[in-house]
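K.L.:
One predicted model, sequence on top.
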Amino acid sequence: MEHEIVGAIMDALPAPLLLLDVAGRILRCNTSATAYFGSDLRHQIFQFHFRKPALVEALNRAIQGKMTSTAHYQSLGATNHALEFNFCPLPAYSDSPLVLVVCRDQSRENRVERMRSDFVANASHELRTPLTTLSGFIETMQGAAKQDEKARGEFLALMKAQAERMSLLIDDLLSLSRIEVDEHVEPRELIDLGMVVRQAESLLRPIAKEAGCEMHFDVAPDIWVKGDANQLGQVANNLVENAIKYSGRGKRVDVAVSRQSNDATLTITDNGPGIAAHHIPRLTERFYRVSAQESRTRGGTGLGLAICKHIIKRHRGRLDIVSQVGMGSRFTVVLPIAE
């Protein structure tokens, strides 16, 4: 009866749990542990299955010192899980002390921490570049070009461009931060996707004209989705503006809104240089650029597609990217239709 109660309690708890005797034999393995490790570990020897000295030492400390001991374990192979094992000695049970092992997967926490560190490092680097440029121009204007009116005018124009780049980068960083805060909250407002895209069209026509790029819109009426109009407008603006920038003079950008079964689709097709296949999976990473120098020359911050990805994720949609070098690119936003 007691064995059944112990088993029921272990199975009711969400964390992977193992119950060991003093020899390290696994007496019980709850449902979560079986699912997590991929097999029932009962009757196996803990030290043989998890071959890491730190775990064995922690188990021995728990048995001998009768106090909770902790150790960490990094699994190998494709899963690459980071686990924390807590060894908790239990009071004598059937004349034999036992140890309860509580496992906690820290993989997501470690991954988030790495992403945070990378993000801070990248953001610092991106801000440092224009700051260094500004400092150099100011130093030159205070020294060698102090009395040179022509050079001062050129430097001031370049300094203004660098200041605008920093301002744009800060705006994108703040925008990305706000989007991530609300990413788990699904929008409820009914939005006509075609209207959102038409608004983007009116804003981008002057940019396309200046770039010498032709735009063609094919927008079906009454394509309704649940969404945030401002955020979806930001997606349309970012994707179409990117297509204009990278297409080049004399090229054409096609923008279409249509319904495909139960999905609304926004498709942007350009005739630009295209993107090599190995870059495509990483395009929506923060600060990832196919060509960093070209992106900066065109005024990009490296955050536009990351912002699009998080907005689309909040809207329970997906972003499909198809491209081939020399053949242009096609970006398709797929969102669920609101009935």
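P.N.:
Ah, there it is.

K.L.:
From here on, just use CA atoms for contacts and neighbour counts.
P.N.:
Fine.

K.L.:
And the helices in this protein?
P.N.:
Ranges of helices within the chain are 2-12, 31-37, 46-49, 53-65, 107-142, 149-181, 193-211, 229-247, 292-297, 304-314, based on DSSP state H.

K.L.:
Can you list the buried residues in the third one?
P.N.:
It refers to helix 46-49. Buried residues in helix 46-49, counting neighbours by 16 or more other Cα atoms under 10 Å, are found at 46-47.

K.L.:
could we number from 43 for the rest of this?
P.N.:
Taking 43 as the first residue, the last one we looked at is helix 88-91.

K.L.:
about what we covered before: for residue 303, find the nearest of the helices of the chain.
P.N.:
The minimum distance between residue 303 and the helices of the chain falls on helix 235-253, with 15.6 Å, by Cα to Cα.

K.L.:
circling back: reformat the helices of the chain into a markdown table and put distance to residue 372 next to each item.
P.N.:
Listed next are those as a markdown table, based on distance: least, Cα to Cα, whole Å:
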| stretch | distance to residue 372 |
| --- | --- |
| helix 44-54 | 49 |
| helix 73-79 | 39 |
| helix 88-91 | 49 |
| helix 95-107 | 51 |
| helix 149-184 | 28 |
| helix 191-223 | 23 |
| helix 235-253 | 16 |
| helix 271-289 | 9 |
| helix 334-339 | 19 |
| helix 346-356 | 14 |
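
K.L.:
Same list, those helices, but as a markdown table with mean pLDDT and distance to residue 327 please.
P.N.:
As requested, those are exported to a markdown table (pLDDT from 0 to 100; distance: least, Cα to Cα, whole Å):
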| stretch | mean pLDDT | distance to residue 327 |
| --- | --- | --- |
| helix 44-54 | 72 | 39 |
| helix 73-79 | 86 | 29 |
| helix 88-91 | 86 | 37 |
| helix 95-107 | 86 | 36 |
| helix 149-184 | 75 | 10 |
| helix 191-223 | 79 | 12 |
| helix 235-253 | 90 | 24 |
| helix 271-289 | 91 | 15 |
| helix 334-339 | 57 | 13 |
| helix 346-356 | 90 | 6 |
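
K.L.:
Out of those helices, which gets nearest to residue 369?
P.N.:
Using Cα to Cα, those put helix 271-289 closest to residue 369, at 10.7 Å.

K.L.:
residues near the nearest residue to residue 381 once chain neighbours are set aside, how many?
P.N.:
Leaving out its chain neighbours, the residue that sits closest to residue 381 by Cα to Cα, 6 or more residues apart in numbering is residue 266, at 7.7 Å. For residue 266, the count of nearby residues is 21 (other Cα atoms under 10 Å).

K.L.:
Contacts only, for residue 266.
P.N.:
Applying Cα atoms under 8 Å, 6 or more residues apart in numbering to residue 266 gives the contacts 232-235, 306, 379-381.

K.L.:
Residue 361 now?
P.N.:
Residue 361 makes contact with 351, 354, 373-376, according to Cα under 8 Å, 6+ apart.

K.L.:
On the strand side of things, show who it bridges to.
P.N.:
Going by DSSP bridges, residue 361 is paired in beta bridges with residue 375.

K.L.:
Tell me the pLDDT of it.
P.N.:
In this model, residue 361 is scored at 94, pLDDT.

K.L.:
Please apply the same query to the one 10 residues further on.
P.N.:
Residue 371 is assigned a predicted lDDT (pLDDT) of 92.

K.L.:
I'd say it and residue 311 touch.
P.N.:
Yes - at 5.8 Å, residue 371 counts as touching residue 311 under the criterion of Cα atoms under 8 Å.

K.L.:
Next one, pLDDT for the residue most central in space within the chain please.
P.N.:
Per Cα atoms, centre = their mean, the C-alpha nearest to the average position across the chain is that of residue 327, at 6.3 Å. pLDDT, residue 327: 84.

K.L.:
Between the helices of the chain, which one is closest to residue 66.
P.N.:
helix 88-91 (5.2 Å).

K.L.:
what's the spacing between the closest one and its chain's center?
P.N.:
Offset of helix 88-91 from its chain centre (Cα atoms, centre = their mean, to the nearest Å): 36 Å.

K.L.:
picking up where we left off before, list the contacts of the residue nearest to the centre of the chain.
P.N.:
By Cα under 8 Å, 6+ apart, the neighbours of residue 327 are 345, 347-348.

K.L.:
redo that, cut-off 6 Å
P.N.:
residue 348 (Cα atoms under 6 Å, 6 or more residues apart in numbering).
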